[in-house]
Structures are given as structure tokens and as C-alpha cells.
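Enquirer: Curious how this folds, go ahead:
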Amino acid sequence: MPGALNGIKVLEIAQVMAIPITGMLLSDLGANVVKLEPPWGDASRHTMQPVLPGESKSFAVLNRGKRSISLNLADERSRPALEALVRWADVVLVSAKASDLTSFHIAYDDLKQINRELIYLEHSGYGRKGPMAEQGGYDLTAGGLSGLMALIGKERNDMPIYTQPAVLDLTTGVLSALAVCAALLTKATTGEGQRVETSLLSTAMFAQANVAHDFPAVEPNFRKQFLADIAEAREKGAGYAELQSLRFGSVRRQSAGNIYYRYFRTKDSVISIGCLSPDLQRRFREALEIEDPRAEPGFDLQTDEGFERMKQFVKSTEALMQAKTTQEWIDLLLDHRVPATPVLFPEEAIDHEQVNANGYMVELMHELLGPYRTFAPPIRMDATPTEAQGPSPLLGKHTEEVLREAGLPDDAIAAMIESGAAGPKLPS
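Expert: Just a heads-up that it's a prediction; the model follows:
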């Protein structure tokens with residue numbers, strides 16, 4: 001049974017993670033995705049967990065279900081091939097700085113002249129406007145600029161440590177796929193294409209929706225005081241760890257006493273507890289046979305006494321959780337209908353019975369890497385099923401095949417390959 005995007009042709013001009021994830025998701029939905037790579041290949045073939053020349057584990061899992069064509073866009077002799085591909089495509093996915101879009105003549109205004117109905121996704125590190133528009137951006141740099149790294153990054157030796165997985169790349173890939181699907185729906189109604197835009201920075205601000213905000217009418221001093229404190233600390237040469245403590249210290253009373261939505265050490269490992277509603281929190285207390293001081297009449301967390309009591313309450317709960325094994329707690333908590341799971345490593349999770357029962361992993365066969373397991377399409381559809389359409393492609397394997405589909409004559413294709421404007425050339 002065909003997928004929801006069956007018949008949609010996508011040209012992907014992007015490397016590494018964010019937009020390749022978009023292309024992969026569109027392929028899972030049934031689209032015909034062609035990945036345009038330079039002669040030396042997507043950078044992730046060589047730098048992200050490489051296992052063979054031109055092949056890496058990261059490239060394999062993020063580029064499944066695509067065909068690969070190799071063109072040297074810096075060579076003007078490749079231009080006829082690019083223009084044929086743009087005419088062939090319904091969607092073009094581009095990830096590049098504005099100056100690169102101009103120098104390679106792949107900006108929206110350039111490609112729209114070739115295909116007036118084109119849906120063009122433009123992705124950048126920090127957005128098309130502003131003083132950083134010409135800078136290259138990565139998950140790490142956008143995470144640093146946006147404040148996200150300060151929230152989720154670990155700290156060691158007074159420095160932040162980059163945290164995996166690449167949250168911004170992954171989320172941007174999903175948001176970009178959503179944008180393309182919305183544009184396709186609009187085109188089905190109006191017959192018109194359009195440019196849609198995503199960036200790592202916009203994703204980072206979105207990912208902090210419950211943190212990156214300002215409510216001056218109801219909290220006139222909170223953010224202002226924190227900014228003053230951190231500016232003063234920086235002037236005095238404060239290290240990263242001290243700045244972190246200032247940030248989290250400023251909200252400690254708001255979050256003090258958290259026993260309901262967190263991880264606990266148990267007798268043998270670690271358990272996760274998720275109780276956001278009052279009813280779930282009540283059931284959690286009943287399971288542990290504890291009382292929350294906040295339920296007492298007159299209790300005030302904002303006083304030093306109240307804050308200290310909550311700290312002791314948390315410590316006693318943590319000690320109690322270490323009295324049983326993770327599985328013993330899970331059995332007890334599930335009897336009280338409290339959400340609880342073990343904390344696993346990815347290597348364990350891929351074999352978990354819940355993952356396997358739902359088919360959340362899929363096995364693919366790569367002609368060089370052999371069989372490999374990776375995540376299945378993350379959404380399911382009854383009438384138009386999603387499916388991993390195959391393994392990742394070898395570099396440039398489909399160059400001639402795709403250019404023929406796009407309408408180029410065989411002699412033109414052969415001349416392009418002979419000149420080096422098309423075809424793979426792996427670095428030695």
C-alpha cells in the first residue's frame with residue numbers, strides 16, 4: 001500500500017543531520033527522495049562514526065530510503081543536471097548559508113525561475129536575517145547561543161559538556177518535515193509552491209518553550225534580577241559552574257521539593273517517576289506511605305524554615321527509594337497506577353520487550369555494512385503506512401539513473417561524468 005507522500009519527488013541538498021533527517025522522514029512517508037552530494041560525499045560519511053571509507057553508522061541511519069546522486073555544484077558544467085533535477089522535483093530541501101546559496105545559484109529566487117511551483121525548504125543555523133545570518137551553525141553552537149546548553153548540558157571542570165543526542169538537529173528535522181507537508185497541502189489547494197524556512201536557533205527557542213519567556217506584568221523583577229546578578233558575576237570573573245549555580249539558585253524555591261517528576265537511585269540502579277497531576281502525586285505518596293509538608297495548613301515554601309523542611313523531605317524520600325530494587329518499586333508503583341520505568345542505556349533499550357512489541361526497531365541490509373538495526377518510522381498511519389524504504393545509498397550510486405529520470409540524454413550524462421562535474425570521487 002503506498003505511503004501518504006507517494007508520487008512526491010524530493011531533492012535534498014544538505015549534509016550531516018538536521019535536513020537529512022527531514023529527507024529520511026519524507027522517504028518514510030513514501031516520497032521519492034534523491035540526495036545530492038558533492039563528489040567527496042556528505043561530510044557525515046567521513047566524520048560521524050565512520051566504519052568504512054565513505055560509510056559511517058550515522059550516515060546509514062539518517063539517510064535510509066534515499067537515492068544518491070553526485071554533482072560538483074562549483075563546476076558550471078553540472079548546471080544542466082541541477083536544473084533538470086529542480087524541474088523534476090516537487091520539493092527541494094536546502095541547508096546552507098545565504099552566501100553559499102548565492103555562489104552556487106541555489107537560492108529560492110534562482111530555483112523558482114526554473115520551477116514556479118516548487119516547494120523550497122531553506123534551513124540555516126541562525127535564520128536568514130540579522131548579524132549572524134552568514135555564519136555556519138551547528139547543534140552545539142545554536143545550543144550555546146540560545147541558552148539550551150545551560151539547561152541540559154552537563155558541566156565538568158568548570159566548562160559545559162556537549163550533550164547527546166543532537167536535540168536541535170533531530171527536532172529541526174521533524175519541524176522541517178512538518179513544514180514541507182503543510183506546504184504540500186497548501187499547494188494541493190492553491191496550486192502554488194512557496195519557500196518555507198527553519199533554523200537551528202528557532203528550534204532552540206521553541207525547545208525551551210516553558211523556560212525562554214518573559215512575563216513582566218506578573219514577574220517584574222525575576223528576570224531583571226537574574227540578568228543583573230549574572231552580569232556582575234561575569235565582571236568578577238566567575239566560572240561556568242558558578243554562573244550555573246546562580247541560574248538554578250534563582251529558581252530553587254520554585255522547584256524545591258520535587259519528588260514527583262524525576263529520577264531516583266534505587267537499591268540496584270535508577271528509576272524514573274512521572275507524576276504531574278495531583279491525583280498521580282497522591283497515589284505516589286500512598287505507595288510510599290509518606291506525607292508532603294506542603295499539604296499542611298500555613299506551610300510557606302518561601303520562608304527559610306519551609307525551604308529547609310522541603311530539602312529534608314526530599315532527602316528522606318531519596319533514602320526511602322534506595323530501600324528497594326528498581327523492579328520492586330516498579331511492581332509496587334504500577335499497582336498504584338503510578339508511571340514508572342527503569343532507566344536504561346540505548347544498547348539495552350533496543351532489545352526491550354516494549355520496543356520490540358511495537359516494532360520500533362527495523363532491520364535493513366546495506367551492501368557494504370551488512371545487516372543493521374535502526375529506529376523504525378516514528379509515526380504510524382493505517383491507510384497510508386509508513387515504511388523504511390531501504391538502506392542508505394552508496395555515494396553517487398544513482399547518478400546516471402536519476403539524471404535519466406530527470407530528462408538528461410545519455411551523451412550529456414556521460415560527458416558530465418567524464419569531466420568530473422558529476423559522479424563520486426571519494427577522498428584517498
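Enquirer: Give me the most central residue, this structure.
Expert: residue 170 (1.2 Å; C-alpha atoms, centre = their mean).
Enquirer: Show me where the stretch 151-300 of the chain has its helices.
Expert: Taking DSSP state H, counting those that start in this stretch to define them, one finds helices in the stretch 151-300 of the chain at 167-190, 200-207, 222-235, 240-249, 252-255, 278-288.
Enquirer: Out of those, the one nearest residue 401 is which?
Expert: Evaluated with C-beta to C-beta, these place helix 167-190 nearest to residue 401, the distance being 23.8 Å. Backbone N, C-alpha and C define where each C-beta goes, glycine included.
Enquirer: relative to helix 200-207, how tilted is that closest one?
Expert: 100 degrees (axes from the mean of the first three to the mean of the last three C-alpha atoms, to 10 degrees).
Enquirer: re earlier: out of the helices of the stretch 151-300 of the chain, deepest packed?
Expert: Sort these by mean neighbour count, taking mean count of other C-beta atoms under 10 Å, and helix 200-207 sits at the top with a mean of 22.
Enquirer: Which strands or helices does that one pack on?
Expert: With contacts defined as 3 or more C-beta pairs under 8 Å, 6 or more residues apart in numbering; DSSP states H and E, helix 200-207 has these neighbours: helix 139-146, helix 167-190.
Enquirer: Please dump those helices into JSON lines; it should also carry distance to residue 246 for every row.
Expert: Listed next are the helices and strands packed on helix 200-207 as JSON lines, based on distance: least, C-beta to C-beta, whole Å:
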{"stretch": "helix 139-146", "distance to residue 246": "17"}
{"stretch": "helix 167-190", "distance to residue 246": "24"}
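Enquirer: Out of these, the one nearest residue 229 is which?
Expert: Here helix 139-146 is closest among those (C-beta to C-beta), at 20.2 Å.
Enquirer: ranges for the strands of the stretch 251-400 of the chain?
Expert: Ranges of strands in the stretch 251-400 of the chain, per DSSP state E, counting those that start in this stretch, are 261-265, 270-274, 340-342, 361-366, 370-375.
Enquirer: now those in CSV, with mean pLDDT, mean neighbour count and distance to residue 246?
Expert: Shown next, in CSV, are the strands of the stretch 251-400 of the chain (pLDDT from 0 to 100; neighbours: other C-beta atoms under 10 Å; distance: least, C-beta to C-beta, whole Å):
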stretch, mean pLDDT, mean neighbour count, distance to residue 246
strand 261-265, 96, 14, 22
strand 270-274, 97, 17, 28
strand 340-342, 97, 18, 33
strand 361-366, 97, 14, 43
strand 370-375, 96, 13, 38
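Enquirer: how about those strands in a markdown table, adding distance to residue 288?
Expert: Compiled in a markdown table, these are given as follows (distance: least, C-beta to C-beta, whole Å):
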| stretch | distance to residue 288 |
| --- | --- |
| strand 261-265 | 10 |
| strand 270-274 | 10 |
| strand 340-342 | 12 |
| strand 361-366 | 35 |
| strand 370-375 | 35 |
